[in-house]
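Provide a 3D model corresponding to the input given below.
(chains A and B)
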There are 2 protein chains.
Amino acid sequence: MKIIKDIKPEDYQAILKRPFEADNSVAEIVKDIISEVKLNGDKALIDITKRIDKKDVKSIEVSKDEMVAQSTIVSQDLKEAIAVAIANIERFHSAQLPIDVDMETLQGVKCMLKYRPLERVGLYIPGGTAPLISTLLMLAVPAKVTGCKELIACSPPEPSPEIFYACNLLGVRLFRVGGAQAIAAMAFGTKTIPRVDKLFGPGNRYVTEAKVQASSMGIPIDMPAGPSEVLVIADDNSNPIYVAADLLSQAEHGVDSQVVLVATSERSIEQILIEVEKQLNQLPRKEIASRCLNNSIAILVDSIEKAIEISNYYAPEHLILSIDNAENYIDLIENAGSVFIGEYSPESAGDYSSGTNHTLPTGGFAKNWSGVTTLSFMKTITYQQLTKNGLSSIAKSIVTLARAEGLEAHARAAELRLND
Amino acid sequence: MKIIKDIKPEDYQAILKRPFEADNSVAEIVKDIISEVKLNGDKALIDITKRIDKKDVKSIEVSKDEMVAQSTIVSQDLKEAIAVAIANIERFHSAQLPIDVDMETLQGVKCMLKYRPLERVGLYIPGGTAPLISTLLMLAVPAKVTGCKELIACSPPEPSPEIFYACNLLGVRLFRVGGAQAIAAMAFGTKTIPRVDKLFGPGNRYVTEAKVQASSMGIPIDMPAGPSEVLVIADDNSNPIYVAADLLSQAEHGVDSQVVLVATSERSIEQILIEVEKQLNQLPRKEIASRCLNNSIAILVDSIEKAIEISNYYAPEHLILSIDNAENYIDLIENAGSVFIGEYSPESAGDYSSGTNHTLPTGGFAKNWSGVTTLSFMKTITYQQLTKNGLSSIAKSIVTLARAEGLEAHARAAELRLND
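Residues are numbered from 1 along each chain as shown, chains lettered A, B, ... in the order given. Model (predicted):
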């Protein structure tokens, strides 16, 4: 990690810049895949999967029987771990259920706002080196809490027994298709995979690009996703063993993960870096974590307030406050996906089992996007019901504004009703 | 209006299809405009405005002095009409302010969700034939209710005195620039126009395309907007004068507006159409309304339930229930932007002064997008704070899931904290 002292606001942009690789070839490839899926449906899915994943898929949908059979392979320990995570995610997301509004703005002018679950949602579960069970839980549990009728998940062939088990448990329909082709199938529908109302979930840059392209065609998406990141704020009393473990659990995600340490104590930075080296050697993903840390920075500042100012500028996906009286500082936080307060709140708690959602905005998008919440699975409808007196009380306002906008019929629609 | 009897679900798609003109030239033109603004900033804004709007803009930002001076031209009636609208919009949107969540999922596992206002929002106010004061009110009032610090509005030169007045009243910074160039300026920032956190507001297809392109670059937008539309459900007791007035107040918006009447009574359809002809002749925008109605349809059905089924399929921006006991049917409504219940609730009430928002999803997007609410101007941040015991109670779940996903450092970050 590179150590930076004496950072000034005018340096933030350069020092906190995320590495960004524009790659126009991705957009073109994804555009072609979407066209192919729109044109040839299931056949395209099978063809593309053969071409890209080198897999022969006989049946795109995983059957209930397959789910049940594969579930027997899953260990009892893992089933219990999943149960704890589900229970906590369910509790926290149930507590987020919004309350409908039903009020009168004036006597006889009743206005209502109702939240309705989306009917059918599409959850992308990345494949890769390990089964991302937690991604499925973080999306399917809130969708169920919200009341979505149909949950569709796509994951590259062949999804692991753990994914089969969790899908069966949560009533999720699972399809063995990944990449941009999976996003295209959920966005536009094929004979086998139904068209969904909104797309959720992380993925590689083909998946992300496909989500962005689907979104430009009117399909809502949870957020534009990118490499994961953490910013840890430490002080002189931080436990270097814990902070090092948190930095490493971010660094092991991938070589493009972002790790930033901001500390008020030089001694603390030194101790943390020593601990990082020590713990790094014990990790199976040492190679990845080490390459990630080479691109990472530690910033020395003179106050916690300054550290939070830097964090607000950076807008990290995860922010860990490994400092004394951490809870006293949370009102200063403007931009962050999820905040971990105090030394017993490691990021991995929120990644898996505390109940918060780990689907969070990255790349600085915490400034203006939200992580996944219960509301992500809902839409709103407004209603109004006026009495004759109610309409009468606002008619002059309606009529005057309508005429000022040159919309005479709008004015008359109100006037006519009061002329009887 | 074309009258359709005996509609079957398999006909919905063809009969309820919205006219859609794909025009790839728009995307290319907008792409070039965005590039020009990103490259040349304010100079590009002035150049493009000269080229497209044929206007020489000396000062992009409207000064406070100009606002105050122009405000004196606005009539007292209009000022009062604006005041009534603002008060009701403020009441309804204040009632929507969400409640933060602060709870324990398990003892010692505290999870929180906080809603934070976006810092700076961009409001697009279309120009055209008449000043769209109501658009400004529908966006600026909820933004203020939410607590957004800075409200930026762009409108093509020269915004009307009414817009100057309302901006001054609501503390909105106003810039005289329109079209895709205004969206580009707010999305990416220029020397004069600051970069915003989210883009709001309707516009022509260049504006809409620019919002979609900005959104694919990570700037959130309120929704993809399109031509306005209404679906009115009528029964044998509907007042044909009122229904005709509602159909016409949609039809006068523009030739591409969509008007659909669904009625359970043939007699009622006939009477409504006679009334439409009668009222049409009295309208200044008769030409526009008449052309719009030529593309519109009236559907005869045998029950209100069937009418609502059709409406749910169509997912109208505005749904008017001009029927007996209308309130008994609202739970059947799945997809609609805003619903007007009973004969004293004309669409123009919600367009201006009842308090509901008129920024609503069109083109079928009411199926999976929401209209503008107070939440549109907020983002969420989650927080967690665990005690040692709290962490201990979920550690086995964290560790088991992390190892199942091959993320050893995640497991250790929890374990290490409990080994002391």
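
ok, and residue A:274, which helix or strand is that part of?
helix A:266-280 (DSSP states H and E).

what's the spacing between stretch A:46-61 and its chain's center?
Centroid separation for stretch A:46-61 versus its chain: 27 Å, with CA atoms, centre = their mean, to the nearest Å.

How about residues contacting it?
Applying CB atoms under 8 Å, 6 or more residues apart in numbering or on different chains, the contact partners of stretch A:46-61 are A:33, A:36-37, A:40, A:42, A:45, A:156-158, A:173-179, A:181, A:192-193. All C-beta spots, glycine's among them, are computed from the backbone N, C-alpha and C.

any low-confidence regions in chain A?
A:20-22, A:420 (pLDDT under 70).

mind checking the longest helix of it?
Ranked by residue count under DSSP state H, the longest helix found in chain A is helix A:24-48.

Report the distance from that helix to the chain centre.
Relative to the chain's own centre, helix A:24-48 is displaced by 24 Å; criterion: CA atoms, centre = their mean.

Buried residues, whichever helix or strand comes after it. List them.
Moving toward the C-terminus from helix A:24-48, the next helix or strand (DSSP H and E) is helix A:64-71. Buried residues in helix A:64-71, counting neighbours by 16 or more other CB atoms under 10 Å in any protein chain shown, are found at A:66, A:67, A:70, A:71.

Partner strands of whatever helix or strand residue A:262 lives in, with direction?
Element membership for residue A:262, per DSSP H and E: strand A:258-263. Using DSSP bridges, the strands paired with strand A:258-263 are strand A:229-234 (parallel), strand A:297-300 (parallel).

I'd like these laid out as JSON lines, including distance to residue A:291.
Below are the strands paired with strand A:258-263 laid out as JSON lines (distance: least, CB to CB, whole Å):
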{"stretch": "strand A:229-234", "distance to residue A:291": "15"}
{"stretch": "strand A:297-300", "distance to residue A:291": "15"}
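
which one of those strands is the most hemmed in?
Ranked by mean neighbour count under mean count of other CB atoms under 10 Å in any protein chain shown, the strands paired with strand A:258-263 are led by strand A:229-234, which reaches a mean of 27.

got the buried residues for the host helix or strand of residue A:305?
Using DSSP H and E, residue A:305 sits within helix A:304-314. Neighbour counts over helix A:304-314 (16+ other CB under 10 Å) mark A:304, A:306, A:307, A:308, A:309, A:310, A:311, A:312, A:313, A:314 as buried.

Kindly reformat those as JSON lines containing distance to residue B:411.
JSON lines is the format used below for these (distance: CB to CB, whole Å):
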{"residue": "A:304", "distance to residue B:411": "29"}
{"residue": "A:306", "distance to residue B:411": "33"}
{"residue": "A:307", "distance to residue B:411": "28"}
{"residue": "A:308", "distance to residue B:411": "29"}
{"residue": "A:309", "distance to residue B:411": "33"}
{"residue": "A:310", "distance to residue B:411": "29"}
{"residue": "A:311", "distance to residue B:411": "26"}
{"residue": "A:312", "distance to residue B:411": "31"}
{"residue": "A:313", "distance to residue B:411": "32"}
{"residue": "A:314", "distance to residue B:411": "27"}
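
Just give me the closest of these to chain B.
When the buried residues of helix A:304-314 are compared for distance to chain B (CB to the nearest CB), residue A:312 wins out at 10.0 Å.

who are the neighbours in contact with the closest one?
Each residue near residue A:312 by CB under 8 Å, 6+ apart is listed here: A:332, A:333, A:334, A:335, A:336.

Which one (most neighbours) among the residues you listed?
residue A:336 (29 neighbours; other CB atoms under 10 Å in any protein chain shown).

Quick check: closest non-adjacent residue to that residue.
Nearest non-adjacent residue to residue A:336, counting by CB to CB, 6 or more residues apart in numbering or on different chains: residue A:319, 4.2 Å away.

hang on, the one you found in a strand?
Yes: counting by DSSP: H, G, I helix; E, B strand; the rest coil, residue A:319 is found in a strand.

hey, what's it bridged with?
Under the criterion used (DSSP bridges), residue A:319 bridges to residue A:231, residue A:339.

Look up how far residue A:397 lies from it.
For residue A:319, the distance to residue A:397 (CB to CB, to the nearest Å) stands at 46 Å.

For the two, indicate the residue with more neighbours.
Neighbour count, other CB under 10 Å: between residue A:319 and residue A:397, residue A:319 has more, with 30 against 25.

And the residue positioned nearest the centre of chain A, how close does it get to residue A:14?
With distances taken as CA atoms, centre = their mean, the residue of chain A nearest its centroid is residue A:359 (2.8 Å). From residue A:359 across to residue A:14, the span is 30 Å (CB to CB).

which of the contacts of stretch A:46-61 are buried?
The buried subset of those - by 16+ other CB under 10 Å - is A:33, A:36-37, A:42, A:45, A:156-157, A:173-179, A:181, A:192-193.

Sort out which of those residues are in strands and list them.
Using DSSP state E, A:173, A:174, A:175, A:176 are the members of the buried ones among the contacts of stretch A:46-61 that sit in strands.

so what's the third one bridging to?
So that's residue A:175. Beta-bridge pairing of residue A:175 under DSSP bridges involves residue A:61, residue A:154.

what's near enough to touch it?
Shown in contact with residue A:175 (CB under 8 Å, 6+ apart): A:60, A:61, A:62, A:152, A:153, A:154, A:155, A:182, A:185, A:192, A:193.

Highest neighbour count among the residues you listed?
Comparing these by number of neighbours (other CB under 10 Å), residue A:182 comes first, having 34 neighbours.

ok, the closest residue to it other than its chain neighbours to residue A:61 distance?
Once flanking residues are discounted, residue A:182 sits nearest to residue A:154: 3.6 Å by CB to CB, 6+ apart. Per CB to CB, residue A:154 is found 10 Å from residue A:61.

ok, back up a step: among the strands paired with strand A:258-263, which comes closest to residue B:225?
strand A:229-234 (33.0 Å; CB to CB).

Which strands and helices lie in contact with whichever helix or strand comes after that closest one?
Remark: after strand A:229-234, the chain's next helix or strand is helix A:240-251, criterion DSSP H and E. If contacts are counted by 3 or more CB pairs under 8 Å, 6 or more residues apart in numbering or on different chains; DSSP states H and E, helix A:240-251 sits against strand A:229-234, strand A:258-263, helix A:266-280, helix A:286-294, strand A:318-322, helix A:347-348, helix B:408-418.

Tell me which of those sits nearest to residue B:263.
strand A:318-322 (55.6 Å).

Could you tell me the angle between that closest one and strand A:258-263?
Taking axes from the mean of the first three to the mean of the last three CA atoms, to 10 degrees, one finds strand A:318-322 and strand A:258-263 inclined to each other by 30 degrees.

Pull the residues that contact strand A:318-322.
For strand A:318-322, contacts defined as CB under 8 Å, 6+ apart pick out A:228-235, A:238-239, A:242-243, A:246, A:250, A:311, A:329-330, A:333, A:336-343, A:345-347, A:350, A:360.

what's near enough to touch the residue lying closest to residue A:310 once chain neighbours are set aside?
Take residue A:310 and drop its neighbours on the chain: the residue closest to it by CB to CB, 6+ apart is residue A:262, 5.5 Å away. Residues counted as contacts of residue A:262 (CB under 8 Å, 6+ apart) are A:231, A:232, A:233, A:234, A:298, A:299, A:301, A:307, A:310, A:311.

partners of the fifth one in the sheet?
So that's residue A:298. Beta bridges link residue A:298 to residue A:3, residue A:261, judged by DSSP bridges.

who are the neighbours in contact with it?
With contacts defined as CB under 8 Å, 6+ apart, residue A:298 is in contact with A:1, A:2, A:3, A:4, A:260, A:261, A:262, A:263, A:269, A:272, A:273.

these two touch, right, residue A:334 and residue B:118?
No: with contact defined as CB atoms under 8 Å, residue A:334 does not reach residue B:118; the gap is 10.4 Å.

circling back: may I see the buried residues of the longest helix of chain A?
Neighbour-count burial for helix A:24-48 flags A:26-27, A:29-30, A:33-34, A:36-38, A:41-42, A:44-46, A:48 (criterion: 16+ other CB under 10 Å).
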